[in-house]
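Student: here is a sequence with its predicted model. Questions after.
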Amino acid sequence: MRVTVDIDEKSLATVMKLTGEGNKGPALTKAVHEFIRRRKLSEFGRMIRESAFDYPDERANDSITNPIPPARER
């Protein structure tokens, strides 16, 4: 999608330098994708800290909490 944005030349030059892109469009696209990725990672981290995911305790070895027996050493 094409959009028109007002961005100062210094900021645009910085974005182009940081992304390694020589053209304005690809530089802004890369910056937007990085912004989205970081926000999603931040949200995922928040969910982990708030215990949104319930993972089994790997230290538990009894058959009730961990039905898969540990691998035998050879």
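Tutor: On my side now, so go ahead.
Student: now residue 18: how far from residue 29?
Tutor: Residue 18 sits 13 Å away from residue 29, going by Cβ to Cβ, to the nearest Å. All C-beta atoms are positioned from the backbone trio N, CA, C, and that covers glycine.
Student: oops, could you answer that again for residue 15 instead?
Tutor: Counting by Cβ to Cβ, the gap from residue 15 to residue 29 is 10 Å.
Student: quick one: which of the two has more around it?
Tutor: residue 15 (18 against 13; other Cβ atoms under 10 Å).
Student: contacting residues around the most centrally placed residue in the chain?
Tutor: With distances taken as Cα atoms, centre = their mean, residue 41 lies nearest the centre of the chain, 3.6 Å away. Counting by Cβ atoms under 8 Å, 6 or more residues apart in numbering, residue 41 touches no other residue.
Student: mind checking the SS state of it?
Tutor: Following DSSP: H, G, I helix; E, B strand; the rest coil, residue 41 is assigned to helix.
Student: what pLDDT does it get?
Tutor: We have a pLDDT of 94 for residue 41.
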